[in-house]
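1. structure, please.
(one chain, ligands or ions: 1)
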Amino acid sequence: MSLNPKRTIAELKQLRALTADENGAQRVAWTDTWLSARDWFATKVKELPVEEHFDAAGNSWVTLKGASEKSLLIGGHLDSVPNGGWLDGALDELAGLEVLRRIATEFQGKPPVTVRLVDWADEEGARFGRSLLGSSAFAGTHSIEADRGRTDRDGVKMEDALRRCGVEIENFPDAEKEQKNAAAYLELHIEQGPVLERMGLPLGVVLGTKGVERHNITFHGQEAHSGSTPMNARRDALAAAAKLALEIRTIAKKHGDAVCTMGSVKTFPGIVTAVVGRCEVTLDQRDLNASVLAQMHREAKEASERFAAEEGCTVNWSRLWNIEPVPFHPHLLNLCERAVRETSGSSHRMPSGPLHDAAEVARAGIPTVMMFVQSLKGISHNKIEDTKEEHLEMSVVALDRLASKTMEWIQQQN
Ligand SMILES: [Zn+2]
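-> Down below sits the predicted model:
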C-alpha cells in the first residue's frame with residue numbers, strides 16, 4: 001500500500017458528510033459531533049499495527065513503534081469552529097494518517113524510528129475561548145487556575161464539559177509525559193491567508209508563528225454638547241483614536257510581514273448629540289521578530305500619546321494578552337523547503353499570523369516545522385474555506401517526503 005493522496009481527499013469528504021450541516025463543519029471540541037468525528041477516525045486507525053490512547057488532556061495518540069524509541073510526531077486537530085470549513089485541522093490529521101499508512105507498509109510495521117500521530121484536543125478554543133488547549137497541556141504552558149472558571153455561552157463550566165468527555169482538568173499536567181522521546185514535530189495546514197495564492201504557489205514553508213501584543217486603549221476627553229461646543233474647544237476622544245487607527249498602518253508597513261489591527265471601537269456616551277468623552281479601542285499587533293514586535297508596541301504607544309495631546313485628551317493602555325514569537329527549527333525548515341521543492345518545483349518561506357498547535361510543541365523545545373498549502377481566496381473558519389484538490393494531493397505528497405527526510409535526520413542523531 002503506497003501513499004494514496006486521493007484517499008485523503010475522499011476521507012476529508014467523508015468527515016465533512018458526517019460532521020457538517022448546511023452552515024459548515026460543526027466539530028466544536030467537547031461536543032457530541034466532535035466525539036463522533038473522533039470515533040470515525042478511530043475506525044480508520046484500526047487497520048494499522050499501532051497503539052492508541054488518549055492523554056490526560058484528551059489529546060489522541062496513535063503510535064507506530066519503531067526500532068528506535070526516538071519519535072517523529074505528526075499532528076493536526078479534528079475540532080473546528082462552529083460553521084467551519086472542511087480542511088482546517090482535518091487535512092493535517094488525515095494527511096498524517098496517510099503518511100502513517102505508507103510508513104507502516106514500507107517498513108512492515110517496524111520503521112527505524114517511532115512515528116506518532118496526534119489529534120490535539122480543542123485547538124480552536126471555539127466554545128470556551130481558550131485555543132491550543134490540548135497542546136498547551138502537552139507543552140506544560142497551561143494554567144489550570146486560569147481555565148477552571150471558564151464557561152460557554154450557555155453557562156456550562158469548562159471543567160464539566162471536559163469531564164463529560166472523560167478528561168479531568170486537574171490531571172492536565174500528566175499530558176507532559178507524551179513529550180518523552182519526541183525528536184521532531186511536523187504539521188501541515190491550510191494557509192488561511194492569500195499569500196500563496198497571490199504568488200501562484202501551491203505550498204509554502206512556515207518560518208514560525210508570529211508573536212502577538214494585544215491591548216485595550218482608552219482615550220479620555222470631555223463629553224460636551226454637539227451644538228454648543230465650538231470646534232476649537234473640543235476634547236474629542238474619538239478624534240484621537242481615529243488618528244491612531246490610521247497611524248498603525250504606517251507603523252506596520254515599516255516592518256515587512258508585520259500586521260496591526262484595530263478591531264473594536266466603542267464610543268461613550270455614543271449618541272448623535274454629544275462629543276465623544278471616552279473612546280475604547282483594541283489593538284492587535286503581530287510579528288515573527290520579538291524586537292520588531294516590541295518596537296511596534298512602543299511606536300503605537302508614543303503615537304497614541306501624541307494624538308491624545310493634540311486633541312486635549314489623555315490615554316491609558318492595558319494589556320489584554322501577549323505571546324512571544326515562536327520560530328521553527330532551522331534544519332527542519334531546510335528539510336521542509338526541500339520536500340516542497342521536490343513536490344511543486346518552487347517554495348516560499350513565510351511566517352504564520354494565526355497560532356497553531358505547532359507553536360506549543362516548539363515552546364516545549366521539540367524541533368518543529370509547519371508546511372502550508374494554498375487557501376483559495378485566503379478564507380477559513382467558514383464553510384466556503386477551500387483548496388484545489390490537486391494542491392491538497394501535493395500537500396500530502398510533500399508532507400510524506402518531509403516525514404521521510406525527518407526520520408533520516410532523527411536516525412542520524414542516534
Ligand atoms: Zn487549524
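
2. so which residues on the stretch 51-200 of the chain come close to the ion?
-> Applying C-beta under 5 Å from the ion, we find that the stretch 51-200 of the chain lies next to the ion at 88-89. Where you see a C-beta, it was placed from the backbone N, CA and C, and this is true even at glycine.

3. mind running it again at 6 Å?
-> Residues of the stretch 51-200 of the chain lying close to the ion by C-beta under 6 Å from the ion are 77, 88-89, 123, 189.

4. what about Glu176, which SS state?
-> helix (DSSP: H, G, I helix; E, B strand; the rest coil).

5. can you give me the helices for the stretch 251-400 of the chain?
-> Secondary structure of the stretch 251-400 of the chain by DSSP state H, counting those that start in this stretch: the helices cover 290-310, 330-344, 357-363, 389-413.

6. looking at the ones you listed, which one is packed in the most?
-> Of the helices of the stretch 251-400 of the chain, the one with the most neighbours on average (mean count of other C-beta atoms under 10 Å) is helix 357-363, at a mean of 27.

7. can you list the residues of the stretch 51-200 of the chain next to the ion in JSON lines and add distance to Glu342, neighbour count and pLDDT?
-> Shown next, in JSON lines, are these (distance: C-beta to C-beta, whole Å; neighbours: other C-beta atoms under 10 Å; pLDDT from 0 to 100):
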{"residue": "His77", "distance to Glu342": "27", "neighbour count": "30", "pLDDT": "98"}
{"residue": "Asp88", "distance to Glu342": "26", "neighbour count": "26", "pLDDT": "96"}
{"residue": "Gly89", "distance to Glu342": "26", "neighbour count": "29", "pLDDT": "97"}
{"residue": "Glu123", "distance to Glu342": "29", "neighbour count": "27", "pLDDT": "96"}
{"residue": "His189", "distance to Glu342": "20", "neighbour count": "27", "pLDDT": "98"}
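
8. tell me the buried residues in stretch 199-215?
-> Buried residues in stretch 199-215, counted by 16 or more other C-beta atoms under 10 Å: 201-215.

9. endpoints of it, how far apart?
-> The straight-line separation of the ends of stretch 199-215 (C-alpha to C-alpha, to the nearest Å) is 33 Å.

10. lowest average confidence, helix or strand, in the chain?
-> helix 144-148 (a mean of 86; mean pLDDT, DSSP states H and E).

11. alpha carbons only: can I get the next helix or strand after that helix in CSV?
-> Where DSSP states H and E defines the elements, the next helix or strand beyond helix 144-148 is helix 158-164. Written as CSV, here are the backbone C-alpha positions of helix 158-164 (Å, rounded to 0.1, in the frame of the first residue of the first chain):
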residue,chain,number,x,y,z
MET,A,158,-15.4,24.1,31.0
GLU,A,159,-14.3,21.5,33.6
ASP,A,160,-17.8,19.9,33.4
ALA,A,161,-17.8,19.8,29.6
LEU,A,162,-14.3,18.1,29.7
ARG,A,163,-15.4,15.7,32.4
ARG,A,164,-18.3,14.5,30.2
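
12. got the contact list for Leu320?
-> 214-216, 282 (C-beta atoms under 8 Å, 6 or more residues apart in numbering).

13. can I get these in TSV with secondary structure, pLDDT and distance to the ion?
-> Shown next, in TSV, are those (DSSP: H, G, I helix; E, B strand; the rest coil; pLDDT from 0 to 100; distance: C-beta to the ion, whole Å):
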residue	secondary structure	pLDDT	distance to the ion
Arg214	strand	94	20
His215	strand	96	25
Asn216	strand	96	27
Thr282	strand	96	23
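
14. who's in contact with stretch 100-109?
-> With C-beta under 8 Å, 6+ apart, stretch 100-109 has contacts from 1-4, 48-50, 62, 64, 66, 74, 111, 115, 117, 400, 403, 407.

15. which among those count as buried?
-> For the contacts of stretch 100-109, buried by 16+ other C-beta under 10 Å: 3, 48, 50, 62, 64, 66, 74, 111, 115, 117, 400, 403, 407.

16. let me see the backbone angles for the nearest residue to Gly89 once chain neighbours are set aside.
-> Leaving aside its chain neighbours, Gly89 sits nearest to His77 (3.8 Å; criterion: C-beta to C-beta, 6 or more residues apart in numbering). Dihedral pair for His77: phi -140, psi 130, per degrees, to the nearest 10.

17. over to Asp386?
-> Backbone torsions for Asp386, taken as degrees, to the nearest 10, come to phi -160, psi 160.

18. what's the closest non-adjacent residue to it?
-> Leu376 (4.6 Å).
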